[in-house]
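[1] Sequence and computational prediction follow.
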Amino acid sequence: MSADAAPTGPATPATPATRAIPAIFVTSVVVRLKLALLRNGLRQSSGRRAAYVASLVVVLLFAALQLIGLIALRGNAHAMNVTVLLTAVLALGWAVMPLFFPGGDETLDPTRLVMLPLRPRPLVRALMVASLVGIGPLFTLCLLVGSVVATAHGPAAYVVGVAAIVLGLLVCVALARAVATANLRLLTSRKGRDLAVLSGLVIAVGAQVVNFGAQKLGTSGLSSLDPVADVLRWVPPASALGAVDSVSEGSYAVGAGQLALSALVLVGLLSYWQRALTRLMTSPDGSTLGAAEPTRDKAGRSSGLRRLLPAGRTGTVMERSLRYVWRDPKTKTAWVTSLGIGLIVPVFNALQGTGSIYFACFAAGMLGIQMYNQFGQDTSAFWMVAMTISSTQDAYVELRGRALALLLITLPYATLVTVLTTALLGDWPALPEVLGLSFALLGAMLATGAWSSARFPYSIPQEGYKSAAPGQAGLAWLSVFGGMVSAALLCAPVIAVTIWLNVSADGENWTWLLLPLGTAYGALLTLAGLHLAAPRTARHLPEILTAVSKG
């Protein structure tokens with residue numbers, strides 16, 4: 001990609017080889033290229049077309065509902081609070097989504113155009129226009145139009161509203177493209193792709209935050225957003241919507257300042273995007289530089305972890321399992337999702353005032369699921385593990401090491417979630433019994449997970465988002481949900497004792513006994529499950545290898 005600076009020296013007649021490509025032609029080609037790639041991508045399979053159409057229908061329906069709701073706010077004294085908040089959240093989503101979904105718009109990867117004689121400024125303009133084609137910009141446009149209708153009063157306000165819609169949409173798109181371009185090298189690497197692991201957690205947290213905020217608004221009204229709106233109305237692109245409200249109230253100078261602030265940010269984003277794009281398309285590719293770097297000694301880093309683990313096969317199995325959690329994308333996704341949801345459910349319910357301290361057991365249940373299908377995460381590499389198992393004792397030690405690696409994370413985490421939930425609810429006397437129930441449930445899930453791993457193994461595809469190979473989905477559901485029901489039934493004695501102590505007259509003085517009782521019961525269940533699963537594992541190694549190698 002050539003620089004923008006004009007060449008020095010005497011002028012020479014332009015030839016077809018040196019004549020600059022018109023900017024309008026570059027924009028037209030890039031837009032048509034995106035539409036062609038989108039059309040050809042939808043032709044690949046009927047499933048992809050169905051998913052696209054379904055997503056389009058859902059987005060349009062949601063956008064229509066948002067538009068109707070915003071129009072219904074017209075005339076409300078606090079309508080501006082909603083519009084600036086929605087705009088700020090929308091801009092945040094545009095900025096964050098490229099980090100978690102880097103492959104969401106592969107048609108606009110600028111590195112694919114690096115060999116073409118394109119200047120930075122026309123390329124930025126072309127990519128900007130092409131970015132306006134899609135479902136996301138359409139949804140954003142509907143929301144901005146509804147926001148303007150909700151807050152604009154008078155001809156001048158509507159004129160400013162048109163400018164606000166354009167500025168708001170352009171700032172959102174430019175923000176997303178600037179973030180994606182500046183981090184493209186990271187996002188296309190293995191470590192960058194691991195950011196997508198957090199997407200499920202971000203969505204879960206966002207849903208809980210929206211739910212929590214909606215409940216608060218239902219009780220306190222839109223006036224509670226006044227302090228936040230006073231700040232956000234000066235934060236682009238929400239300041240463009242704040243300008244509409246200011247002009248509606250007759251504050252033309254304030255409105256002009258808010259509108260100018262959004263325009264200034266747009267210019268800054270475009271300038272930053274252009275510099276990042278130039279740097280990206282003119283700098284050497286890091287994939288060829290890594291071979292020249294000195295090899296780092298990784299043995300020292302692994303030895304630190306290894307010294308903390310038991311000796312022999314148990315420590316080796318634990319280290320391998322922990323490395324799966326850290327390095328394998330599918331395993332990392334499952335763990336991050338379980339850790340996030342296990343914390344979100346009890347904590348957010350406690351914050352909303354509708355929770356129970358027993359919701360803290362949800363963390364132990366979510367983490368205990370990771371014990372299911374232990375051999376599936378090995379895929380076809382399970383043959384190396386199978387070669388080292390020659391007896392029931394070897395199989396028992398293998399399963400025990402995997403369970404200990406899981407306990408190394410789940411025990412402190414379940415304890416942390418239980419203590420945090422207890423602190424939010426202020427029910428400290430119930431802490432011992434809830435911890436006992438959590439540990440008993442965790443032990444039951446480890447026991448059923450070990451047995452299920454040997455009895456119902458299935459393959460986990462390394463590519464895509466499916467958690468089971470074709471034809472094994474029913475096996476996966478049976479393994480997980482059957483094991484969860486069995487674990488709940490196994491915990492029935494501890495649950496019965498808990499109920500009895502809470503309903504009896506003097507039982508509250510003895511509920512602390514549930515902590516040692518639940519811990520011991522969970523440990524016994526774990527040992528029993530490992531001893532039951534080990535013989536079957538040792539006898540059916542070829543069948544397990546066949547089942548986990550289908551992906």
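    Noted; the coordinates are in hand.

[2] low pLDDT regions in the protein?
    Within the chain, the ranges that satisfy pLDDT under 70 run 1-23, 45, 47-48, 99-109, 185-224, 283-306, 462-467, 469-471, 551.

[3] Just give me how far the helix of greatest length in it sits from the chain centre.
    With secondary structure taken from DSSP state H, the chain has its longest helix at helix 392-425. For helix 392-425, the separation from the chain centroid amounts to 24 Å (computed by CA atoms, centre = their mean, to the nearest Å).

[4] and what of stretch 155-169?
    That offset, for stretch 155-169, works out to 33 Å (CA atoms, centre = their mean).

[5] repeat for stretch 338-350
    Distance of stretch 338-350 from its chain centroid, counting by CA atoms, centre = their mean, is 15 Å.

[6] Next, the buried residues of it.
    Neighbour-count burial for stretch 338-350 flags 338-350 (criterion: 16 or more other CB atoms under 10 Å). (Each C-beta comes from the backbone N, C-alpha and C, glycine too.)

[7] just to revisit the earlier point, mind listing what's buried in the longest helix of the chain?
    In helix 392-425, counting by 16+ other CB under 10 Å, buried: 394-411, 413-415, 417-418, 420-422, 424-425.

[8] again, but for stretch 72-90
    By neighbour count with 16+ other CB under 10 Å, stretch 72-90 contains the buried residues 73, 79-90.

[9] ok so, going back, now do the next helix or strand along the chain from the longest helix of the chain and helix 392-425, the angle between them.
    Downstream of helix 392-425, the first helix or strand assigned by DSSP states H and E is helix 431-455. Angle of helix 431-455 versus helix 392-425, following axes from the mean of the first three to the mean of the last three CA atoms, to 10 degrees, is 150 degrees.

[10] which other residues reach the helix or strand following helix 431-455?
    Using DSSP H and E, the next helix or strand after helix 431-455 towards the C-terminus is helix 473-490. By CB atoms under 8 Å, 6 or more residues apart in numbering, the residues outside helix 473-490 that reach it are 365, 368-369, 372-373, 441, 444-445, 447-449, 451-452, 455-456, 458, 467-468, 525.

[11] which secondary structure elements does the helix or strand that helix 473-490 is followed by contact?
    Per DSSP H and E, helix 473-490 leads on to helix 492-503 as the next helix or strand towards the C-terminus. Other helices and strands packing on helix 492-503, by 3 or more CB pairs under 8 Å, 6 or more residues apart in numbering; DSSP states H and E, are helix 431-455, helix 514-539.

[12] Report all helices and strands that the last one contacts.
    Contacts defined by 3+ CB pairs under 8 Å, 6+ apart place helix 514-539 against helix 392-425, helix 431-455, helix 492-503.

[13] which stretches of the stretch 151-300 of the chain form strands?
    Per DSSP state E, counting those that start in this stretch, the stretch 151-300 of the chain carries no strands over any range.

[14] Can you pull the domain assignment for the protein?
    23-283, 310-548 (automatic domain parsing).

[15] Name the stretch among those that sits most buried.
    Across the domains of the chain, the average number of neighbours (mean count of other CB atoms under 10 Å) peaks for domain 310-548, which reaches a mean of 19.

[16] starting at the chain centroid, how far to that domain?
    Using CA atoms, centre = their mean, the offset of domain 310-548 from its chain centre is 23 Å.

[17] Show the end-to-end separation of it, please.
    In domain 310-548, first residue to last residue: 28 Å (CA to CA, to the nearest Å).

[18] same check, this time on stretch 230-238
    11 Å.

[19] List of residues touching it?
    80, 84-85, 87-88, 91, 167-168, 171-172, 239, 241-242, 245-246, 258, 261-262, 264-266.

[20] Now do that stretch: distance to the chain's middle.
    Distance of stretch 230-238 from the chain centroid (CA atoms, centre = their mean) equals 26 Å.

[21] Any chance of JSON lines for the buried residues of stretch 338-350, columns secondary structure and distance to Pro155?
    Below are the buried residues of stretch 338-350 laid out as JSON lines (DSSP: H, G, I helix; E, B strand; the rest coil; distance: CB to CB, whole Å):
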{"residue": "Ser338", "secondary structure": "helix", "distance to Pro155": "56"}
{"residue": "Leu339", "secondary structure": "helix", "distance to Pro155": "54"}
{"residue": "Gly340", "secondary structure": "helix", "distance to Pro155": "49"}
{"residue": "Ile341", "secondary structure": "helix", "distance to Pro155": "50"}
{"residue": "Gly342", "secondary structure": "helix", "distance to Pro155": "55"}
{"residue": "Leu343", "secondary structure": "helix", "distance to Pro155": "51"}
{"residue": "Ile344", "secondary structure": "helix", "distance to Pro155": "47"}
{"residue": "Val345", "secondary structure": "helix", "distance to Pro155": "50"}
{"residue": "Pro346", "secondary structure": "helix", "distance to Pro155": "53"}
{"residue": "Val347", "secondary structure": "helix", "distance to Pro155": "49"}
{"residue": "Phe348", "secondary structure": "helix", "distance to Pro155": "45"}
{"residue": "Asn349", "secondary structure": "helix", "distance to Pro155": "49"}
{"residue": "Ala350", "secondary structure": "helix", "distance to Pro155": "50"}
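
[22] Adding distance to Leu478, write those out as TSV.
    Below are those laid out as TSV (distance: CB to CB, whole Å):
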residue	distance to Leu478
Ser338	20
Leu339	25
Gly340	26
Ile341	22
Gly342	23
Leu343	28
Ile344	27
Val345	24
Pro346	28
Val347	31
Phe348	31
Asn349	30
Ala350	33
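
[23] Can you tell me which of those residues is closest to Gly41?
    The nearest member of the buried residues of stretch 338-350 to Gly41, counting by CB to CB, is Gly340 at 31.2 Å.

[24] From Pro412, how far out is that closest one?
    Relative to Pro412, Gly340 is positioned 16 Å away (CB to CB, to the nearest Å).

[25] what does Phe375 give?
    Distance of Phe375 to Pro412, given as CB to CB: 26 Å.

[26] Run the chain-centre distance for stretch 66-80.
    31 Å.

[27] What distance separates the opening and closing residues of it?
    15 Å.

[28] again with stretch 231-246
    In stretch 231-246, first residue to last residue: 14 Å (CA to CA).
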